[in-house]
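Undergrad: this one's sequence-less:
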């Protein structure tokens, strides 16, 4: 066992003394040491229930014959960090989480890991660490939040907070109703109710085979989630005994399965960044173009919030991720999973699917998957759009550029009623380097939607979008403005052409004029010049590679 390096032999007397100092009984010293990496915090609704799940994981590890050791990790709530400097830290925290797990697991020679997670950057950070370390690991996602209620209507985070602010500005709701939404949209523990980034990543973790069946959708408040936590604790000891490591599971086939599940569900565009980053750690080549190749032949079969009217609780009762994979069974690769079952075995065990929540592939909501990759002279290395959230009338759109060098500048124009139908809002210098940290643009997109401009105004950015974003919003434009990408050359009033079916994003400006503009361009001063973010800006790569940190 890896842990033998800190507990066997006369030269490890001091090490054992310190382990005994923690209260470890002598009889436990021979057992596998299992690190339980928990992202419990009082700051995030999706994580406040983890103390309970930690107990059940511990019970499972003991039952399986291991010795559990809990250690903590930081977590950032994207919703709370949204719209101010806090969002600069969200994506970079993914790298910190992976580095912390690596540090603790290596320094203490842990034999295996149970990774307890739930929200946006925390789940991919844990997966990156598992792939990098390649020691037996299993992921437990803490589960989605139940929907709120108001006068017979179901409430959810994005529609009834961010978009509700836009509806208030448009005079569609009263301040009293907005206050009711504020109190009722998030009724308790769990990751926000729709197919936003957290729930998308949790679903894809299961689709990749890194968590037990039904883990990705089982509600945070359910006893089922407790049982899954317990069973995960038992199972990690079996994975250690058999030396089943993440790279045996995180194959090219596993990533293709995850991408297809994402496309079928209509998930967050952030998953493109995260799957690329996890694949990088797993040593799997995963080109950005693969997302589009698979999207062309994977139908969108679920209508989940924010695009549709179903929620994660509905997806769970409809059969969960096993049911999604069953719908796609002819396309799915028969990959191994941490459960010990291969994916095709899990599919064969599905005995019920709600046919409206999860339609059949020959009766989809859309013939193509939820995500499209665009290219053109405005995004030579690619850009990403959630096409399942775009209305038919906006799939092709030409408009005039309204250019802003920060999210704050764009928000001032939107809330000041200076954006009109036919505009293309351009938000730049918000990429991985320029932000730094590639902030999400949920506030501007949600308010535009709430104001009724979602079908007449497009938004493009080298930043990214929340999983709650809908409408003609194109993100991840690469190269980013800070690297001198063409988005840095756009000027107020330029014509921009979006054609999602053709997968193009064009700046309708002559090449001669663009060359002239480039000779006069120089990067602006960095927005942040000290601390962790300044260091991050110096080593992070472009969005089309997953915004990963380069090795020095």
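TA: Arrived safely, thanks for sending. Owing to the predicted nature of the structure, the values given are computational and were not obtained by experimental measurement.
Undergrad: Nearest residue to residue 393 in space, please, no chain neighbours.
TA: For residue 393, ignoring the flanking residues on the chain, the nearest one in space by Cβ to Cβ, 6 or more residues apart in numbering is residue 455 at 5.9 Å. All C-beta spots, glycine's among them, are computed from the backbone N, C-alpha and C.
Undergrad: Okay, now the unreliable bits of the stretch 451-552 of the chain?
TA: 552 (pLDDT under 70).
Undergrad: Tell me where it has strands.
TA: 458-461, 473-478, 495-499, 504-507 (DSSP state E, counting those that start in this stretch).
Undergrad: Equivalent analysis for the stretch 1-150 of the chain, please.
TA: Under DSSP E, counting those that start in this stretch, the stretch 1-150 of the chain gives strands at 33-38, 67-72, 112-117, 137-141, 148-150.
Undergrad: that older thread, next one: the residue nearest to residue 393 from residue 242, what distance?
TA: 54 Å (Cβ to Cβ, to the nearest Å).
Undergrad: Mind checking which of those two has more residues around it?
TA: residue 455 (16 against 11; other Cβ atoms under 10 Å).
Undergrad: from what I can see that one touches residue 390, true?
TA: No - using Cβ atoms under 8 Å, residue 455 is not in contact with residue 390, being 9.1 Å away.
Undergrad: and the helix or strand containing residue 254, what other elements does it pack with?
TA: Taking DSSP states H and E as the criterion, residue 254 maps to helix 252-265. Secondary-structure packing of helix 252-265 (3 or more Cβ pairs under 8 Å, 6 or more residues apart in numbering; DSSP states H and E): helix 197-208, helix 270-282, helix 289-297, helix 320-327.
Undergrad: Out of those, flag the one nearest residue 536.
TA: helix 270-282 (13.8 Å; Cβ to Cβ).
Undergrad: Give me the angle between the closest one and helix 289-297.
TA: 130 degrees (axes from the mean of the first three to the mean of the last three Cα atoms, to 10 degrees).
Undergrad: quick one: helix 270-282 to strand 473-478, angle?
TA: Relative orientation of helix 270-282 versus strand 473-478 (the same axes, to 10 degrees): 30 degrees.
Undergrad: Figure out how far helix 270-282 is from the centre of its chain.
TA: In terms of Cα atoms, centre = their mean, to the nearest Å, the centre of helix 270-282 is found 10 Å from the chain centre.
Undergrad: Mind listing what's buried along that helix?
TA: By neighbour count with 16 or more other Cβ atoms under 10 Å, helix 270-282 contains the buried residues 270-282.
Undergrad: got the contact list for the residue nearest the centre of the chain?
TA: Computing the C-alpha centroid of the chain and ranking residues by Cα atoms, centre = their mean puts residue 197 first, at 3.7 Å. Residues in contact with residue 197 (Cβ atoms under 8 Å, 6 or more residues apart in numbering) are 78, 120, 268, 270-271, 466-467.
Undergrad: Mark which of those residues are part of helices, please.
TA: Of the positions in those, 78, 270-271 sit in helices, assigned by DSSP state H.
Undergrad: between those residues, which is nearest residue 15?
TA: Distances from residue 15 to the ones in helices among the contacts of residue 197, taken by Cβ to Cβ, are shortest for residue 78, at 39.6 Å.
Undergrad: Excluding chain neighbours, what is closest to that closest one?
TA: residue 120 (4.7 Å).
Undergrad: coming back round to it: any idea which of the contacts of residue 197 is closest to residue 261?
TA: Using Cβ to Cβ, these come closest to residue 261 at residue 271, 9.7 Å.
Undergrad: Would you map the helices across the stretch 1-150 of the chain?
TA: For the stretch 1-150 of the chain, applying DSSP state H, counting those that start in this stretch gives helices covering 4-7, 13-21, 50-64, 78-81, 90-107, 122-133.
Undergrad: mean pLDDT for those helices: which is lowest?
TA: When the helices of the stretch 1-150 of the chain are ranked by mean pLDDT, helix 78-81 comes last with a mean of 90.
Undergrad: what's in contact with that one?
TA: Here helix 78-81 has contacts from 43-44, 86-87, 89-90, 119-121, 157, 192, 197, 440, 466, using Cβ under 8 Å, 6+ apart.
Undergrad: quick check, distance from that helix to the centre of its chain.
TA: 14 Å.
Undergrad: Go through that helix and flag the buried ones.
TA: 78-79, 81.
Undergrad: Then stretch 530-543?
TA: 532-533, 536-537, 540-543.
Undergrad: Reformat those as a markdown table; add distance to residue 53.
TA: Shown next, in a markdown table, are these (distance: Cβ to Cβ, whole Å):
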| residue | distance to residue 53 |
| --- | --- |
| 532 | 29 |
| 533 | 31 |
| 536 | 31 |
| 537 | 35 |
| 540 | 32 |
| 541 | 34 |
| 542 | 36 |
| 543 | 33 |
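Undergrad: Now, those residues that are in helices?
TA: Short answer: the buried residues of stretch 530-543 in helices (DSSP H) are 532-533, 536-537.
Undergrad: tell me the mean pLDDT for stretch 311-326?
TA: On average, stretch 311-326 scores 97.
Undergrad: Run the chain-centre distance for it.
TA: With Cα atoms, centre = their mean, you get 18 Å for stretch 311-326.
Undergrad: Could you do stretch 407-426 as well?
TA: 26 Å.
Undergrad: outside of it, which residues touch it?
TA: 83, 169, 397, 399-404, 427, 430, 439, 441, 443-444, 447-448, 451, 453, 456-461, 463, 487, 490, 496, 498.
Undergrad: residue contacts, the closest residue to residue 319 other than its chain neighbours?
TA: Nearest residue to residue 319 in three dimensions, chain neighbours excluded: residue 353, at 4.5 Å (Cβ to Cβ, 6+ apart). Shown in contact with residue 353 (Cβ under 8 Å, 6+ apart): 318-319, 323, 326-327.
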